[in-house]
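Visitor: I would like to see how this sequence folds:
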Amino acid sequence: MMAAGRAAERGRSVLLLEKNPTLGKKLLITGGGRCNVTNNKPEIRTMLSQYKKSDKFLFSAFTQFGVTDTLKFFNDRGMATKEEAEGRVFPTSDKSKTVLDVLVQYMKKGGVEVRTTAAVAGITFVEAERQMVVALVDGSKIHAQSCVVATGGVSHPETGSTGEGFQWLETLGHRIVKNDMALVPIALKDIWIKHLAGLTLNDVGLTVFKNGMKQKTYKGKLLFTHVGVSGPLVLNMSREVGELLNDPEESVYGKPLENSVVMALDLFPSEDISLLRHRIQTLLIEQSNKKIKNSLSTLMAPALIDIVLLLSHIDGETPNHSVRAEERKALASTLKSMPMTVAGLLGKEKAIVSSGGVALSEVNFKTMQSRLIPQLYLVGDVLDVDRSSGGYSLQLCWTTGYVAGSHS
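Guide: This next block holds a predicted model:
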């Protein structure tokens, strides 16, 4: 949308094709319906560190339109913003529609023609005329001097992101890196997980183990669901977990081993286990006549107590003065390393964004032009850009959209 607006400002006739009956269907569900507009990291290199191996490609685009520019764009058009945990920026209205309204008004002011329920069947390039031809499902064709493809990936297909854009671009000669889920909740095998649905834990740690071997530790905010875990912490590690699940090891006899991926939840990542043991012992002494199940709410969320006691093999009815030393050690160990067995990643309908897309070496990031077809511009999720959760996906869209609109 921003790309269309910029081109219109420069006196060009702009047509926006939308396959859905209304605009912004996917935008409206972002950030749980609140729309995480960006992440407040105005220093370019700091921001680009969240785009992993794509940073060297994106530098030129972000120098043209970065976080500060995004905030100014929305603020200047009457949308107040606020910063929350870990730099996430939201409209103060807490409504995604506020963001959509700004963009729609911007296009109207720029004279952009919007055509809804306009599903595209394919795109071709007529070299003799140096034109792009967009064929619609209804049989009509549109000839254009340039074409910006902003069809997204394959996450949340119910919003229209069903992957056709990759087919069109592949037909035009682009190499498409396998598209998969990048930020997606994780399903667990543990039957007790359903009892924690809706519980949110801030500042916890998750250490991933594959077949008993430690892989990596992550920290952040976690949310329990009916079937597993989600939240920024989980979403940002989901791609690596998926790779571990899909990369079976082989035994010395050449036979694949069963892949076992376990995540150990640390409820006190900043606290040494010996200090935690001392805290537990002090608590039990101070409340010696209480039952242990009634004393642990000062250490953890009440919903966790029964499950932690179960995993620690401690009877919740036990009076604190009767809890044995071995049980105290087991309790501390569970609080520092609560095992959760991974069943798999949830499907694309639950993914926040998808990974994969057009190979970045085939795009000129100074203009967002295809290096194969200069009349073609590629933005947002059609690009093979992996990133973290927290406003980085929408910032990628704003940045690449602005650059494409400024040069198309």
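
Visitor: All the helices of the chain, residue numbers only.
Guide: All helices of the chain, identified by DSSP state H, fall at 2-9, 44-48, 55-64, 67-76, 96-109, 164-171, 232-245, 273-286, 302-311, 325-336, 392-407.

Visitor: wait, which of those is closest to Leu196?
Guide: helix 302-311 (5.7 Å; C-beta to C-beta). For glycine as for every other residue, the C-beta is placed from the backbone atoms N, C-alpha and C.

Visitor: for the closest residue to Leu311 other than its chain neighbours, what are its contacts?
Guide: Counting by C-beta to C-beta, 6 or more residues apart in numbering, Thr334 is the residue found nearest to Leu311 once chain neighbours are left out, at 4.9 Å. Applying C-beta atoms under 8 Å, 6 or more residues apart in numbering, one finds that Thr334 lies in contact with 308, 311-312.

Visitor: Tell me the bridge partners for the nearest residue to Cys147 once chain neighbours are set aside.
Guide: Spatially, and ignoring its direct neighbours in sequence, Cys147 is nearest to Met132 (4.0 Å; C-beta to C-beta, 6+ apart). Beta bridges link Met132 to Phe125, Ala144, judged by DSSP bridges.

Visitor: Distance-wise, check Met132 relative to Val149.
Guide: Met132 is 10 Å from Val149, where distance means C-beta to C-beta, to the nearest Å.

Visitor: can you list residues touching both of the two?
Guide: With C-beta under 8 Å, 6+ apart, Met132 and Val149 have common neighbours 123, 376.

Visitor: Show me which of the two is the more surrounded one.
Guide: Between Met132 and Val149, counting by other C-beta atoms under 10 Å, Val149 is the more crowded of the two (26 against 22).

Visitor: Is that one in contact with Leu376, as I believe?
Guide: Yes. With contact defined as C-beta atoms under 8 Å, Val149 and Leu376 form a contacting pair (6.9 Å).

Visitor: what residues are up against Ser337?
Guide: Applying C-beta under 8 Å, 6+ apart, one finds that Ser337 lies in contact with 207, 264-266.

Visitor: what's the pLDDT at the residue of the chain positioned farthest from its centre?
Guide: The centre of the chain is farthest from one residue, Asn289, which by C-alpha atoms, centre = their mean lies 47.3 Å away. pLDDT for Asn289: 92.

Visitor: swap in Glu158?
Guide: For Glu158, the model assigns a pLDDT of 59.

Visitor: Gly357 and Phe166 touch, don't they?
Guide: Yes. Counting by C-beta under 8 Å, Gly357 does reach Phe166; the two are 7.0 Å apart.

Visitor: Could you export the helices of the chain as a markdown table, including mean pLDDT and distance to Leu372?
Guide: A markdown table is the format used below for those (pLDDT from 0 to 100; distance: least, C-beta to C-beta, whole Å):
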| stretch | mean pLDDT | distance to Leu372 |
| --- | --- | --- |
| helix 2-9 | 47 | 19 |
| helix 44-48 | 94 | 25 |
| helix 55-64 | 94 | 16 |
| helix 67-76 | 97 | 29 |
| helix 96-109 | 96 | 28 |
| helix 164-171 | 90 | 9 |
| helix 232-245 | 83 | 28 |
| helix 273-286 | 95 | 56 |
| helix 302-311 | 96 | 54 |
| helix 325-336 | 96 | 53 |
| helix 392-407 | 94 | 15 |
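
Visitor: Let me have those in a markdown table, adding distance to Phe125 as columns.
Guide: Shown next, in a markdown table, are those (distance: least, C-beta to C-beta, whole Å):
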| stretch | distance to Phe125 |
| --- | --- |
| helix 2-9 | 19 |
| helix 44-48 | 31 |
| helix 55-64 | 23 |
| helix 67-76 | 31 |
| helix 96-109 | 26 |
| helix 164-171 | 10 |
| helix 232-245 | 33 |
| helix 273-286 | 62 |
| helix 302-311 | 57 |
| helix 325-336 | 59 |
| helix 392-407 | 17 |
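
Visitor: that older thread, dump the residue contacts of the residue nearest to Cys147.
Guide: Met132 sits next to 123-126, 143-147, 373, 375-376 when contact means C-beta under 8 Å, 6+ apart.

Visitor: Pick out whichever of the residues you listed sits closest to Thr282.
Guide: Nearest to Thr282 among the contacts of Met132, with distances taken as C-beta to C-beta, is Leu376, at 66.6 Å.

Visitor: Find me the pLDDT at that closest one, would you?
Guide: 97.

Visitor: How about Leu372?
Guide: So, for Leu372, pLDDT stands at 96.

Visitor: This completes my enquiry, with thanks.
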